[in-house]
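> need a 3D model of the sequence below.
(one chain, ligands or ions: 2)
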Amino acid sequence: MPMLCQDKDSSPCNQNKVGFGEHSDPQILTILRSNDVGGLQISLNDGAWVPVTPDPATFCVNVGDLLQAMTNGRFVSVRHKALTNSYRSRMSMAYFAAPPPDARITVPPEMISPTKPALYKPFTWGEFKKAAFALRLGDSRLGLFRMECDEQVA
Ligand SMILES: O=C(O)CCC(=O)C(=O)O
Ligand SMILES: [Fe+2]
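Ligands and ions are numbered 1, 2, ... in the order given. This is a model prediction of the structure:
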């Protein structure tokens, strides 16, 4: 099970600096567990940043890029970032749920209609990861797989 354990503490004077820059998670889902120190923020549609209340007794579940593609954009991959805290360490542990590299990411036909044509070309997780690693953390990767208007099928 791929897990990442991070300590967002930093040196003094680094209060509320960006410790982990703005990004969306590329996988299907991320399950996050942290201690009681805040720092995680999510971005709303209007670009406002909203702090996630830290709670060591709950999980925070992020929709990732693949789930956005698999639901034809109904679930939106959340942009988020983590700020540093120079007084207490924020510890977080993440489980990234991803398919095997050759898994084909497609949309169920029920989610495609004349009013909601397919937004993304089919791709494999391996292809997506390769594209993601060639970009910077904050870049939008799904844009690379968007259907052109003349390719859209309903
Ligand atoms: O500090 C956190 O909880 C967020 C970490 C994160 O966004 C990531 O590992 O992708
Ligand atoms: Fe993340």
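> walking through the protein, point out its strands one by one.
Under the criterion DSSP state E, the chain contains strands at 3-7, 18-23, 29-34, 40-43, 49-51, 60-63, 80-83, 91-97, 104-105, 123-124.
> how about those strands, which one is nearest residue 73?
Nearest to residue 73 among the strands of the chain is strand 60-63; the distance by C-beta to C-beta comes to 11.0 Å. Yep, even glycine has a C-beta here, placed from its N, CA and C like the rest.
> can you list the strands that the closest one pairs with?
For strand 60-63, the paired strands and their directions (DSSP bridges) read strand 29-34 (antiparallel).
> give me the angle between the strand it pairs with and strand 91-97.
Taking axes from the mean of the first three to the mean of the last three C-alpha atoms, to 10 degrees, one finds strand 29-34 and strand 91-97 inclined to each other by 160 degrees.
> which residues are contacting strand 29-34?
Judged by C-beta atoms under 8 Å, 6 or more residues apart in numbering, the contacts made with strand 29-34 from elsewhere in the structure are 40, 54, 56, 59-64, 67, 90-97.
> next, see if that strand gets close to ligand 1.
Yes: with C-beta under 6 Å from any ligand atom as the criterion, ligand 1 is reached by strand 29-34 at 32, 34.
> can you give me the end-to-end distance of stretch 101-114?
From its first residue to its last, stretch 101-114 covers 31 Å (C-alpha to C-alpha, to the nearest Å).
> buried ones in it, by neighbour count?
Of the residues in stretch 101-114, those scored as buried under the neighbour-count criterion (16 or more other C-beta atoms under 10 Å) are 105-107, 112.
> same thing with stretch 25-32?
For stretch 25-32, a neighbour-count test (16+ other C-beta under 10 Å) marks 25-30, 32 as buried.
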